[in-house]
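Undergrad: need coordinates for the following:
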Amino acid sequence: MIPGIFAVAQKVVSVSPELAKLHKATSQFETAFVKQLVTEMRKAGKGEFGDMPGSGIYDDMANQVLAEKLSASGGFGVGEAMYKQLSNLVLAQNGQAQTVKKP
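TA: Model prediction:
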């Protein structure tokens, strides 16, 4: 019985780097998604930097920071939902179909 437990533990440890990469990728996707939403919403109004030279770059940088802050709180849940769905596929490929928490 104990060797079986060690075999399962070994599989979980070997899958952990893949799950960490998956979590990072889904978080980055959520940030990109939120940035797109923020960019489109802010097009309706005048940018913070007006018509000054390079204002598009500054607006894009502001949108990026805003998107990172909004997605870091996890309020949208897009990244978490993707992680839950895709982590089951990663575990199934390694013969460990179970629900996991993010690393």
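Undergrad: after the helix or strand bottoming out on mean pLDDT in the chain, next one along is what?
TA: Least confident helix or strand of the chain, by mean pLDDT, DSSP states H and E, is helix 2-42 with a mean of 76. Following helix 2-42 in sequence order, the next helix or strand is helix 55-72 (DSSP states H and E).
Undergrad: got the buried residues for that next one?
TA: 59, 62-64, 67, 70-71 (16 or more other Cβ atoms under 10 Å). Heads up, the C-betas are built off the backbone N, CA and C, glycines and all.
Undergrad: distance to Ala44 added to those residues, as CSV?
TA: As requested, those are arranged in CSV below (distance: Cβ to Cβ, whole Å):
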residue, distance to Ala44
Asp59, 13
Ala62, 15
Asn63, 13
Gln64, 19
Ala67, 17
Leu70, 18
Ser71, 21
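Undergrad: just the closest of those to Gly77, please.
TA: Lowest distance from Gly77 to the buried residues of helix 55-72 (Cβ to Cβ) belongs to Ser71, with 9.8 Å.
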